[in-house]
Every structure is written in C-alpha cells, then in structure tokens.
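# pasting a predicted model and its sequence here:
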Amino acid sequence: MKIQMYSPIKEEAGVIMAFSKLHEELGFPKLVPSSARGFDIDDIEYKGKRVTVEFEYLSENFISHGHIEQMKDGRNYVLVCYEDNCSILQKLREIYNKTNLEVIELKNYIEIKPDIISDDEDSIEYIVLNYNPYMAGLPIDSWKSANVYGINAQFSNNHITAGSKILFKQGDFIVARCEVVKYETYETPQNDNEWRLLQNLYNYPLGLYNLTLEEVKENMAHGYIFYDSFTTFDERKVSFSKALPNRNMGHQGMIKITREDYYKLMGY
C-alpha cells in the first residue's frame, strides 16, 4: 500500500507522520507512545516479535546520533527512515559486527502528489451522484481502493475542477464522499489495443472488477473521475430529502449543490 502526501518528507517528523498511517501494513499491529529518552520506541510488537524502534529522516543519522553504541546484543532493532542513504546494514555488519537491525525505507510506501486543491473557492464544485450498487456490481466501500469512478453524466465543458467535492447518495441517504483529483473523458476505442487499455482501467486495482473485453465494451463510461479521500459513512448517514427538501436529482443521477448544501448533507 502507498499513502499519498502533498509535499515531500524532509525531516524526522514527516517520517513519524507517515509511519502512523502505515504501521499496520508495515507489520506493527499496535502503536505505542514514544520514549522520553534513548530510542524513540523502547518496546513494540513487530511481525510477532518485540523490537526497539528508532525514527530518522536518513539512515546515516542513526550512526551520527550514536544509536549503534546504544544497541544491546540479543535485542532486535528496527530503523524507520525515509531513505537509506548509506547502506547502513552493510556498514553495521562490516564495521560494527552487528546484525540485529532491520531497516524500513518509507519512500517505497509514499506517493508525493502536487497540491491539487484550488485556491479559488468559487471554482470548486459540489456534486451529489446517485449510487446504485446493483448497476455498479459493487458495494460502496469497494471504491476506497479504486481511485477512479466511471460516469455517464455530462458535466459542463466536460470539466470538473480539481478539489471539487462529491457525495454519493444510495436510496435517500448520503453514504460516501470523495474529492476530485481530475476528470477525463475518452473517445470510443478504435482498436483492440485501445480496448485492452480501457479494460485495464476498469479492472484496476486487481479484484475490483474482473470484466472481459466484451463486458468492457458494453459498460464503457463517458468519463472518469479520478479521486482521493474516499470516505464511507457507515454510522452517520444523512437523509437527502430531509436535509434538502424539494430538491430532486437530475435525470442523469446527478445534481449540483451549493457549498452550504454540501455541509448540510455532511451532517454539519
């Protein structure tokens, strides 16, 4: 799994922030508070064993900060850094005769994205889309890991401003939200190679869909919303008809709303 960050990590605080989002995927089932002195975490479960953890921006800082001298034989250590810039495991073996350190290099688990939120609040759109799980063939929470949503509703000038907010309505209830990264429209593919590219788009990530080429041709959408921050409302659901009485969805299963309407539907 990769997490998205909107500016590069440049210091240890960023390493700790990313670790707190990734700890389960990295093998740490539970977070514990940091230590007051010595190593950052004295004792924590990691892949079924107890280890000591140190956070550093660069692996060479583990050496320069004197942590090698603090390591005890018979104890397992994990260095969580943004980048291993000094091949530290090789140095520990050849120079210090130590083999009880494991390194996790977080840059392999992070995708740096540009800040896509517009500074012009007036350009951000607020949209509600009807969600029919039978038509989609998937429950709403399946879209947490997809990051792309096909849609046939027509938007003005075939454009949605990056940073726009989308709510999904299933029946009468708001069940999910996301933020637009970009919106793309595609012409009908002209050959089998182009159809296969579209098939890969539909079937990504593995297991979301498993459509044959013929099924892709039958289900091609007009446009695709690329999104992030997808959140489902499992406990807190707001009734569309109660929050916005006398408002009806358009025939394409879409309605544009105001910023104030959006926050009403969010339950604020």
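Yep, that arrived. Numbers count the residues shown, from 1 in each chain.

# show me which strand runs longest in this structure.
strand 173-185 (DSSP state E).

# give the other helices and strands that that strand contacts.
Contact analysis of strand 173-185 by 3 or more Cβ pairs under 8 Å, 6 or more residues apart in numbering; DSSP states H and E lists strand 165-170, strand 223-232, strand 238-239 as its packing neighbours. Any C-beta I mention is one placed from the backbone N, CA and C, and that applies to glycine too.

# 6 Å - rerun?
With contacts taken as 3 or more Cβ pairs under 6 Å, 6 or more residues apart in numbering; DSSP states H and E, strand 173-185 sits against strand 165-170, strand 223-232.

# okay if I get the ones you listed as a markdown table plus mean neighbour count, distance to K144 and mean pLDDT?
A markdown table is the format used below for those (neighbours: other Cβ atoms under 10 Å; distance: least, Cβ to Cβ, whole Å; pLDDT from 0 to 100):
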| stretch | mean neighbour count | distance to K144 | mean pLDDT |
| --- | --- | --- | --- |
| strand 165-170 | 21 | 12 | 94 |
| strand 223-232 | 17 | 5 | 88 |
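
# of those strands, which is nearest D40?
Each of those has some distance to D40 by Cβ to Cβ; the shortest is strand 223-232, at 29.0 Å.

# could you give the angle of that closest one to strand 165-170?
Counting by axes from the mean of the first three to the mean of the last three Cα atoms, to 10 degrees, strand 223-232 lies at 80 degrees to strand 165-170.

# what lies in contact with strand 223-232?
Contact with strand 223-232 is made by 140-141, 143-144, 148-151, 176-185, as judged by Cβ atoms under 6 Å, 6 or more residues apart in numbering.

# kindly export the next helix or strand after the longest strand of the chain (C-alpha atoms) in CSV.
Next in sequence after strand 173-185, counting helices and strands by DSSP states H and E, comes helix 192-202. What follows is helix 192-202, C-alpha atoms only, in CSV (Å, rounded to 0.1, in the frame of the first residue of the first chain):
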residue,chain,number,x,y,z
ASP,A,192,-8.4,-4.0,-29.7
ASN,A,193,-5.2,-2.5,-28.1
GLU,A,194,-7.2,0.6,-27.0
TRP,A,195,-10.0,-1.5,-25.7
ARG,A,196,-7.5,-3.6,-23.7
LEU,A,197,-6.1,-0.4,-22.1
LEU,A,198,-9.6,0.5,-21.1
GLN,A,199,-10.1,-3.0,-19.7
ASN,A,200,-7.0,-2.5,-17.5
LEU,A,201,-8.5,0.8,-16.2
TYR,A,202,-11.8,-1.0,-15.3
